[in-house]
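# Need the 3D shape of this:
(chains A, B, C and D)
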Protein chains: 2
Amino acid sequence: MAVTLKEVAAKAGVSRSAVSRTFTAGASVSAKTRRKVEEAARELGYTPSLIARSLATNRTKLIGLVANNFQNPIFLEVFDLYTQALQERGLRPLIVNLTNETDPDASVQMLRQYRVGGVVVATSTLPEDFASAFAGANVPVVHAFGRHGETSNIPVVGIDNRACGALAAETLLQRRYRSIAVLGGPQSATSTIDRIAGFKDAMSAAGQPVADIRFATNYSYYAGREAMHSLLSEKSVDAVFCGDDLICMGAMDAARSRGLNIPRDIGFLGFNDMDMARWEAYALTTIRQPTRDIIQASIDLIAAMVSEPDGEHPSRLFDCTVVERKTLKPVTNS
Amino acid sequence: MAVTLKEVAAKAGVSRSAVSRTFTAGASVSAKTRRKVEEAARELGYTPSLIARSLATNRTKLIGLVANNFQNPIFLEVFDLYTQALQERGLRPLIVNLTNETDPDASVQMLRQYRVGGVVVATSTLPEDFASAFAGANVPVVHAFGRHGETSNIPVVGIDNRACGALAAETLLQRRYRSIAVLGGPQSATSTIDRIAGFKDAMSAAGQPVADIRFATNYSYYAGREAMHSLLSEKSVDAVFCGDDLICMGAMDAARSRGLNIPRDIGFLGFNDMDMARWEAYALTTIRQPTRDIIQASIDLIAAMVSEPDGEHPSRLFDCTVVERKTLKPVTNS
DNA sequence: CCCAAGTTTGCAACCGGTTGCAAACGCGTA
DNA sequence: TACGCGTTTGCAACCGGTTGCAAACTTGGG
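Numbers count the residues shown, from 1 in each chain, chains lettered A, B, ... in the order given. The predicted model follows:
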């Protein structure tokens, strides 16, 4: 159906190799040949087949992008950045939606069938063996937003969740909150575990107790609201550190529906700084994760791993910062 | 690097054809051969190359998914549904992010290089020639969320935007609103144009004026807020029909920041019924677009077009319904 | 036991490109 | 004009599968 090399070669009066060379960067073709070929190609509407090229070169431009957080709008931001950044490098994402998937093998199989050059696992809420399943198939993997673990040797690009937990504690203590609860993300997520560990360390280093720790069942508004209702029905606290902005928004709505004023009666500290955190209805004070940097770095990393499989490919962790809005009372210098 | 057909054939003591046939559904292989091959394949860790298969069969499992609304969380829902529904059919989406793209040709070129079987254009805010550019390349195209137009013969799956506009007008009039403004999406989007046309028709059929019409510059919270501020600084209205839930949320926050109570002082009617419309902070009364049905139908349609290119492939329009929450005053029977 | 019909199998060509290699070419110089 | 060198070109093999075709094998009936 589609026009092939051979037809272009015939029309231009050259060999197939000549056509192939005019379409591969850095190959040796004379200006005259190139011109003839390009004209013939244009007239015939020729588009080289990446399928055939991939087969011949044994290399594809595909990068697996594995995710399972299709409920949280922040992933749309992540996703936008990934597709654009890959596009800029001439790579294409092959999306794997793991939302309803429990078995890593099917996805690994799928990505191998497409002979992806590498895989980016972009989630913190997956059992560790998912990322390693890809690595086990001898495909380069980087784990974005993952835990910088000792257990596996898959490079991670993300943040230091313990440090972020500590930052949260300091932020709240500095504002004289004294009855502070933690409302984490899913209990099994490594990010949740590490943040809470860092938070607790910093609190006890300051000689302060943690009023309550509980977990949202997933990264959603509804889970946050529900967990907050359950917290407030048992005790009263003056500030809550949430494991995610979305959870935090649910928690805030729960607090408001019980007549509490934010930040007068209760303060909230979110995590991520998603776009919606700026919305007036929430105006969330939150810990900003440098999403854009993480994504760019993870693409740089996977690209490096593809082109130099034997090189050194260290993990990279970025710093988080507090973004001040309106859900915490100001720092007082007294 | 990867294990090939030939190696499996050698190990199993059969021909390459035999191996190929055990991996293609409906081919003729004896039970004995199949067993030998499967064992050899398992031992070697063989995964058939879809690249090679695509080349040989001249057919891929790839479907282009073209979108440009990576700012609106509703697209994450859309996206989740697409990836899963395609996955179920053994197809893979190849995402094209048109957010920063103005030239259709580059994307068309890209999708042709990958030899996609078909393309789903999932947006209502693209110049018409985008969808037709794909069709022009002789690739089956369906336009999801598009306008059912007379101008092109690309099948559309979506809603009847005129009817939805009329439904909005009826909904508001029924609740005795008398000073109603429209805050549409981007002025150039066909969906915006059609909805407003339907809205105006229904209003004038009821002998009612439209208090004001203006447009958000894009489908975002911020554009909605800004447009609403500009509206309220010029006149006061008692209800607003918004072209999108996200825009509506921005508009609501603008109204609230000016001290207006919803729905006592002003009513809001949204469009889409995205997940966030249920959030307590908004509790949006909105017109529900059956996203899931539209997506499923668009996949069914593109699949049919791929397998029977010469068949009849009619457009499909779904009905919208009003979802009642808390941003409009109730219907009064007096 | 033989034959016909139905299955299974292997051969070889093909899908649309890439690439190492050697031959052909172009050009400046002696 | 002949020579030498660097460039450009075409040949042919290859990437990893599929598939039409004919040969080989089964199976069952007479």
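
# can you pull out the strands in chain A?
Taking DSSP state E, the strands of chain A run over residues A:62-67, A:92-97, A:118-122, A:141-144, A:156-159, A:180-184, A:212-215, A:239-242, A:267-272, A:286-288, A:316-318, A:321-323.

# number of nearby residues for the one residue in the stretch 151-300 of chain A that gets nearest to DNA strand D?
For the stretch 151-300 of chain A and DNA strand D, the shortest gap (CB to the nearest atom of the strand) falls at A:Ile154, measuring 25.6 Å. Every residue, glycine included, has its C-beta placed from N, CA and C. Using other CB atoms under 10 Å in any protein chain shown, the number of residues around A:Ile154 comes to 20.

# Let's see the pLDDT reported for it.
Per-residue pLDDT puts A:Ile154 at 88.

# do the same with A:Asn100
pLDDT recorded at A:Asn100 is 83.

# Please determine whether stretch A:106-117 lies in contact with chain B.
Yes. Using CB under 8 Å from any CB of the partner chain, stretch A:106-117 reaches chain B at A:Gln109, A:Met110, A:Arg112, A:Gln113, A:Tyr114, A:Arg115.

# So what's the residue count around the closest residue to A:Val96 other than its chain neighbours?
Counting by CB to CB, 6 or more residues apart in numbering or on different chains, A:Val66 is the residue found nearest to A:Val96 once chain neighbours are left out, at 4.6 Å. If you count neighbours by other CB under 10 Å, A:Val66 ends up with 27.

# Same question for A:Ser236.
Neighbours of A:Ser236 (other CB under 10 Å): 13.

# For it, give me its contacts.
Counting by CB atoms under 8 Å, 6 or more residues apart in numbering or on different chains, A:Ser236 touches A:Ser179.

# Quick check: pLDDT value at it.
With respect to pLDDT, A:Ser236 scores 93.

# Do you have the helices of chain A handy? List them.
With DSSP state H, the ranges of helices along chain A come out as A:5-12, A:16-22, A:31-44, A:50-57, A:74-88, A:104-113, A:128-136, A:161-174, A:190-205, A:221-234, A:245-257, A:291-307.

# For chain A, what lies in contact range of DNA strand D?
A:14-18, A:21, A:28-30, A:32-33, A:52, A:55-56, A:58 (CB under 7 Å from any atom of the strand).

# Farthest pair within the residues you listed?
A:Lys32 and A:Asn58 (31.8 Å; CB to CB).

# hmm, back to that, tabulate the helices of chain A (CSV), appending mean neighbour count.
Formatted as CSV, these follow (neighbours: other CB atoms under 10 Å in any protein chain shown):
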stretch, mean neighbour count
helix A:5-12, 18
helix A:16-22, 19
helix A:31-44, 16
helix A:50-57, 17
helix A:74-88, 20
helix A:104-113, 18
helix A:128-136, 19
helix A:161-174, 22
helix A:190-205, 20
helix A:221-234, 20
helix A:245-257, 25
helix A:291-307, 19
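
# Any chance of CSV for those helices, columns distance to DNA strand C?
Listed next are the helices of chain A as CSV, based on distance: least, CB to the nearest atom of the strand, whole Å:
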stretch, distance to DNA strand C
helix A:5-12, 3
helix A:16-22, 3
helix A:31-44, 9
helix A:50-57, 3
helix A:74-88, 20
helix A:104-113, 16
helix A:128-136, 26
helix A:161-174, 43
helix A:190-205, 40
helix A:221-234, 48
helix A:245-257, 45
helix A:291-307, 14
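
# need the least confident one among those helices, by mean pLDDT.
Among the helices of chain A, helix A:128-136 carries the lowest mean pLDDT, a mean of 78.

# Please state the offset of it from the chain centre?
Distance of helix A:128-136 from its chain centroid, counting by CA atoms, centre = their mean, to the nearest Å, is 17 Å.

# So which elements touch it?
Applying 3 or more CB pairs under 8 Å, 6 or more residues apart in numbering or on different chains; DSSP states H and E, one finds that helix A:128-136 makes contact with strand A:62-67, helix A:104-113, strand A:118-122, strand A:141-144.

# Quickly note the distance from the residue most central in space within chain A to DNA strand D.
Central residue check for chain A by CA atoms, centre = their mean: the C-alpha nearest the mean position is that of A:Ala122, 4.2 Å away. Remark: distance between A:Ala122 and DNA strand D (CB to the nearest atom of the strand, to the nearest Å) = 28 Å.

# The residue of the stretch 151-300 of chain A closest to DNA strand D reaches A:Phe130, doesn't it?
No. A:Ile154 is beyond contact range of A:Phe130, at 10.4 Å (criterion: CB atoms under 8 Å).
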